[in-house]
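Engineer: sequence first, then the predicted structure, then my questions.
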Amino acid sequence: MKARVVGQSVPRVDSWDKVTGRARYPGDFSMPGMLYGKVAWSKHPHARVRRIDASQAEAYPGVVRVITHRDVPVNEYGINIRDQPVLVAEGDAVRWVGDRIAIVVAETEQAAEEASGLVQVDYEPLPVVTDPRQAMKPGAPRVHEKRGKSNVLKHIRIRKGDVEAGFAQADVIIEGYYITPFVEHAYLQPEAGLGYIDEQGRVTVISAGQWPHDDIHQIAHLLNLPEEQVHEIVPAVGGAFGGREDMYIQHLLALCAYVLRRPVKIVFSREESITRTGKRHPFYLRHRWGATRDGMLTAVEIEGISDAGGYASTSIPVLSNATSFFAGPYVVLNARIDGYTVYTNNAVTMAMRGFGATQPPVAYEQQMDKLAEALGMDPVEVRMRNLFDEGSVAVTGNRMPAGVGIKETLRQAALAAGWREDVGRWHKPDLGQPSAAQKRRGIGVACAYKNVGYSLGFDDKTTARIELALDDSGAIQHARVSVGAADVGEGVHTALAQIAAEALQVPLECVEIAPLDTAEVPDAGSSSASRHVFISGNAVLRACQEAEAKRVAALRAETGEKHIEAQFTFRGRSVRQTTPYNRQTGQCEPHISYGYATQIALVEVDTETGEVDVLKVWAAHDVGQAVNPDMVVGQIGGGVHMGLGYALMEEFIQQEGLVRTRRFSEYSIPTAMDMPPELVPIIVEVPDPLGPYGAKGLGEMTTLPTAPAVLNAIHDAVGVRVERLPATAEKVLRAMKQHG
Amino acid sequence: MPTLTLGLNGVGTQVEVAASDLLANVLRDRLGLTGTKIGCNEGECGACTVIVNGQAVLSCLYPALKAQGKQVVTVEGLAANGELHALQRAFVEAGAVQCGFCTPGMLMSAKALLDENPHPIEAEIKEAISGNLCRCTGYYQVIQAIRMASEEATS
């Protein structure tokens, strides 16, 4: 038996190019004769566009063309619903400040930029609606007057058991109203790329997309071309976190190349990247829980409203996911749950690390702590009494499948943080002395879980192709893996190469991941839903197994074969068929697989300034099988970073649809100085029998518990709760003053 | 146009620049050194960090002509004689690279630190990279890599 490759912390396959500056990102590509494009953006969050006058911009020295709606063959797109114009037409409306009026293309970037300010638009301002709770009321200004009967894009209901009877059995009622903010993805590489017509006459886009094959599908539609006439090349990608799941630049590059038949480069400024692209959904979450005096939940009533912004993007799937997670990883026999997502004139909201699983724990984990407090019970203990086991029935009526590691993550995190277990009773650790007289220490626990793979009936599949080059003895010299999975920084290429090396029993150096060109490699779905290790890993594993079987057969038959090829399409539904929500009851089989997590935060709160220092985080993550433990630790570090920003500092602020946080000095993400000095990653491996080598998913789960753990720790320290994120020093101080 | 003469990664280099040109654009667009990244173009993210005469500077704010007669080192100049710099090896080993877009700037900030202070304590490492934003790693493995490189220099 050769040494295993899966489970080893091998260096990432792309790291040498990235430390030497050789790796090329979308903004690093140039071509002879290249032009530069700059977008003329909407100046209003909601207005009728009466007339567009591009004559001044067109006359500007160096300008080659001003592309408007008249140049778009089919002026509609959208990843889920085609409700967005590529360029807003005269007579139509702008619905947020990220709507585009025109693309100015010029010989130099400077000329394009200067002329983009000269595109004249005659706007008729329309009433602006920016609070989804107002927008869903009858009579509210309509964002899409021709779509549906109101601004409510989707309402999902879950009805389980007898909620009134459940509340009647309760000894305590726990209530809360929690509000989460818009959040910016803040990947370091702003949107950029190059569009051109290649030597075969195809529209070619070099850019960073999370689902390049879907981009092609959408671009072919809006250019009214067959899909074979369009392709996308994805080089190194400077982070994504969901923000590149929709097109924000790919379609513009394709359109420019299509119209001008010349290479056109577009690079967004940081301000454009922050102000004109999608965000994490804000949620307004109202909870009412009943529980017995021994801490068992008897009923939950939950309403969650999300702000979809000006266009649908993935707001419906995000809401669908979120609604399935509103009650947390807990057994709830009686539930009445309503989820809504509503159009407004705010920023479009979209996928972001967690995809609807990140906001719910901010509410359900604070509820759980309030319950512990009301009963005088330890927060670990009350969770242990309610958490899922294998076979537990979720609010959607499905049984939790094999591989439920949530209790194990809680147990390991709690023990590492100093809790003592004594026959089912848990005892909190002593926290030591604060670093100054005016500071108070607190510790907070949060659990969370999330789906792996696409959900609720959506067909999740990856096709992988393996080509083996054999030597004279028939041994494998080289294996080339073709799979359209974009490595957006998380390391999927390394993980898939490890799975291939393991399956073929060859050293990792023999495995090559083919460059991502949609015309050359098969569709692997998106780099999202923490799905690639599970879904694409299964596809690579099975394609390798088929290739290996063919190789062995060829050896037996002594064919002298030097080249073996195999292709496999793995479908999620071949291992678990998910189903859509039942319209009346919400009962369904929502997800293929799950990842589980617990984090514990130790904080110090300054009672004079309200400032919160997170001193230490214990992060226990059930990944089934760590394909690459160092990469798991890296994901945990990044997830805690994002969760810490969510808890304490990050908020994308708009006023009447206009953006107030336009740059990194106004939208702060944590620096090295802001991070907790100590992070204790704990890798838990409760295998999922359906995952490759037992692996689940990980990327998104790392960020889910951080914010509620910090919020619970703040409460433990100073007795107050900040129920509207982020918990800035001002808000903590104000809450302490009100508390007295 | 004025001529900028500088030492670029140890090689004497001349390039015509406009008075308004910034070093980052000259490196990337005129000299083909795209290893230096532009993440914000206003000095707030650190991705464009290069070393000028031993000091880490933000090349997106640095007038190109200010580098007249100076020694400029970019990420492409870190490796010498086909050997990776200790920091580059440590970044690979420690898993300090994810998307990698902040990596060149992070490496240059770290090199400026270690050249000046070969044995920094953790607080000094954090301070040295506090102007380099990273959205992927939480900085832990970056800090670990810089510590590893400084320890390698010791042994």
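Structural biologist: Here it is on my side, so go on.

Engineer: residue contacts, B:Cys136?
Structural biologist: Contacts for B:Cys136 (C-beta atoms under 8 Å, 6 or more residues apart in numbering or on different chains) come out as A:Gly239, A:Gly489, A:Glu490, A:Gly634, A:Gly638, B:Gln98, B:Cys99, B:Cys102. Yep, even glycine has a C-beta here, placed from its N, CA and C like the rest.

Engineer: how near is it to A:Glu650?
Structural biologist: For B:Cys136, the distance to A:Glu650 (C-beta to C-beta, to the nearest Å) stands at 16 Å.

Engineer: please report how far B:Met108 lies from A:Ser530.
Structural biologist: According to C-beta to C-beta, B:Met108 stands 33 Å off from A:Ser530.

Engineer: just B:Glu44 next, same as before
Structural biologist: According to C-beta to C-beta, B:Glu44 and A:Ser530 sit 30 Å apart.

Engineer: same check, this time on A:Arg571
Structural biologist: A:Arg571 is 18 Å from A:Ser530, where distance means C-beta to C-beta.

Engineer: between the two, point out the one with more neighbours.
Structural biologist: Neighbour tally, A:Arg571 and A:Ser530, criterion other C-beta atoms under 10 Å in any protein chain shown: the higher count belongs to A:Ser530, 29 against 16.

Engineer: who are the contact partners of the more buried one?
Structural biologist: By C-beta under 8 Å, 6+ apart, the residues touching A:Ser530 are A:Lys450, A:Asn451, A:Val452, A:Gly453, A:Gly595, A:Lys696, A:Gly697, A:Leu698, A:Gly699, A:Glu700, A:Met701.

Engineer: contacting residues for the fourth one?
Structural biologist: Same thing as A:Gly453. A:Gly453 touches A:Asp460, A:Ala529, A:Ser530, A:Arg531, A:Phe534, A:Ile535, A:Gly572, A:His591, A:Ile592, A:Ser593, A:Gly697, counting by C-beta under 8 Å, 6+ apart.

Engineer: ok, of those residues, which one's closest to chain B?
Structural biologist: When those are ranked by distance to chain B (C-beta to the nearest C-beta), A:Ser530 comes first, at 15.1 Å.

Engineer: nearest residue to the closest one other than its sequence neighbours?
Structural biologist: Distance criterion C-beta to C-beta, 6 or more residues apart in numbering or on different chains; nearest residue to A:Ser530, sequence neighbours excluded, is A:Gly697 at 3.0 Å.

Engineer: what's the neighbour count on that neighbour?
Structural biologist: So A:Gly697, with other C-beta under 10 Å, has 26 neighbours.

Engineer: quick check: it touching A:Val533?
Structural biologist: Yes: counting by C-beta atoms under 8 Å, A:Val533 is a contact partner of A:Gly697 at 6.1 Å.

Engineer: can you give me the pLDDT of the residue in chain B positioned nearest to chain A?
Structural biologist: Of all residues in chain B, B:Gly35 sits closest to chain A, at 2.0 Å by C-beta to the nearest C-beta. pLDDT for B:Gly35: 98.

Engineer: let me see the contact set for the nearest residue in space to it that is not next to it in sequence.
Structural biologist: Once flanking residues are discounted, B:Gly35 sits nearest to A:Gly21: 2.0 Å by C-beta to C-beta, 6+ apart. Neighbour list for A:Gly21: B:Leu33, B:Thr34, B:Gly35, B:Thr36, B:Thr74, B:Val75, B:Glu76, B:Pro104 [criterion: C-beta under 8 Å, 6+ apart].

Engineer: so which bits of the stretch 501-650 of chain A are right by chain B?
Structural biologist: Contact residues (C-beta under 8 Å from any C-beta of the partner chain) of the stretch 501-650 of chain A with chain B: A:Asp630, A:Met631, A:Val633, A:Gly634, A:Ile636, A:Gly637, A:Gly638, A:Gly639, A:Val640, A:His641, A:Met642.

Engineer: need the contact list for A:Met118.
Structural biologist: Heads up, residue A:118 is Leu, not Met. Shown in contact with A:Leu118 (C-beta under 8 Å, 6+ apart): A:Gln56, A:Ala57, A:Tyr60.

Engineer: quick check, it in a strand?
Structural biologist: No: membership of A:Leu118 in a strand is not supported by DSSP: H, G, I helix; E, B strand; the rest coil, which gives coil.

Engineer: and the gap between it and B:Ser20?
Structural biologist: Computed as C-beta to C-beta, the A:Leu118 to B:Ser20 distance reads 21 Å.

Engineer: tell me the pLDDT at the residue nearest the centre of chain B?
Structural biologist: Residue closest to the average C-alpha location in chain B (C-alpha atoms, centre = their mean): B:Met108, at 2.6 Å. As predicted, B:Met108 sits at a pLDDT of 98.

Engineer: so A:Arg50 sits in a strand?
Structural biologist: Yes: per three-state DSSP, A:Arg50 lies within a strand segment.

Engineer: what's around it, how many residues?
Structural biologist: Applying other C-beta under 10 Å, we find 11 other residues in the vicinity of A:Arg50.

Engineer: and A:Ile197, by the same measure?
Structural biologist: Per other C-beta under 10 Å, the neighbour tally for A:Ile197 reads 16.

Engineer: dihedrals phi and psi, it?
Structural biologist: Backbone geometry at A:Ile197, expressed as degrees, to the nearest 10, gives phi -100, psi 120.

Engineer: beta partners of it?
Structural biologist: A:Val203 (DSSP bridges).

Engineer: other residues contacting stretch A:137-146?
Structural biologist: With C-beta under 8 Å, 6+ apart as the criterion, stretch A:137-146 contacts A:46, A:83, A:95, A:126-129, A:134-135, A:150-151, A:310, A:343-345.

Engineer: which parts of that stretch are buried?
Structural biologist: A:Ala140, A:Arg142, A:Val143, A:His144 (16 or more other C-beta atoms under 10 Å in any protein chain shown).

Engineer: which strand or helix spans the first one?
Structural biologist: A:Ala140 is part of no helix or strand when elements are defined by DSSP states H and E.

Engineer: and the closest residue to chain B within the stretch 401-550 of chain A, how close does it get to A:Met631?
Structural biologist: In the stretch 401-550 of chain A, the residue that lies nearest chain B is A:Gly489 (2.7 Å; C-beta to the nearest C-beta). Noted for A:Gly489: a distance of 11 Å to A:Met631, by C-beta to C-beta.
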